[in-house]
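1. Show me how the following folds:
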Amino acid sequence: MSQTETKTDKEDSGTQQLLKFLVELGPLVVFFTMNARAGIFWGTGCFIAATAVSLVASRFLFGRVPIMPLVSGVVVLVFGGLTLWLQDDLFIKLKPTIVNTIFAAVLFGGLFFGKSLLRYLFGDVFSLTEEGWRKLTFRWACFFVLLAVLNEFAWRLLSTDSWVAFKVFGIMPITMVFAIAQVGLLQRHALDKPEEE
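-> The predicted structure is shown next:
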């Protein structure tokens, strides 16, 4: 493979990753903006609509809907719908706790049965040893527990507007910092790939 082709592939991959990030971030930005302008119920309604658009866009742009946004989208639909129907913002506030608890339980459950389930999500992105996948899965499972606990503290202690701001401007940076902190583990446990000709 020529250097030009390799550079082009990396640029395409980088562009695709940026598009995925923007598609997944979009509903949160809509939620924050509409909550600030019209309140939590309008914000929730627009969040549901933006999440649906995001899932359709993922299917159209990338050929598939990633499992984590899909699960999150289903919970947004259910708990956002309950929020609007019952006019009670507790349901949308519980959504992050429930989603993160589900992810943590699934990952811990997989480890209990000897399966590093992150491999099935990211096996086409990373090539790791068994120990690497096991450690990465354990760390992310613990991180999802942390996110669930943080959300429980946040919605109980903060005003609704502050909780929405924390969800958008707190959780996202925390997640990015955590993901970047895993680079060392990814490098230590990377499998050497044969060079393509």
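2. Mind checking the pLDDT average for stretch 131-139?
-> Mean pLDDT, stretch 131-139: 93.
3. oh sorry, the question was meant for stretch 176-189
-> Averaged over stretch 176-189, pLDDT sits at 92.
4. What's the end-to-end length of that stretch?
-> 20 Å (C-alpha to C-alpha, to the nearest Å).
5. So which residues make contact with that stretch?
-> Applying C-beta atoms under 8 Å, 6 or more residues apart in numbering, the contact partners of stretch 176-189 are F126, L128, T129, E131, G132, W133, K135, L136, R139, F143. Backbone N, C-alpha and C define where each C-beta goes, glycine included.
6. Find the nearest non-adjacent residue to the last one, please.
-> If I follow you right, that is F143. F178 (5.5 Å; C-beta to C-beta, 6 or more residues apart in numbering).
7. Pull out the buried positions in the helix or strand that neighbour falls within.
-> Using DSSP states H and E, F178 sits within helix 171-181. The neighbour-count check on helix 171-181 (16 or more other C-beta atoms under 10 Å) flags I171 as buried.
8. All the helices of the chain, residue numbers only.
-> 3-38, 40-62, 67-86, 90-112, 118-122, 130-157, 160-169, 171-181, 183-188 (DSSP state H).
9. ok, back up a step: what angle do the helix holding F178 and helix 160-169 make?
-> 30 degrees (axes from the mean of the first three to the mean of the last three C-alpha atoms, to 10 degrees).
10. Run the chain-centre distance for helix 171-181.
-> 11 Å (C-alpha atoms, centre = their mean, to the nearest Å).
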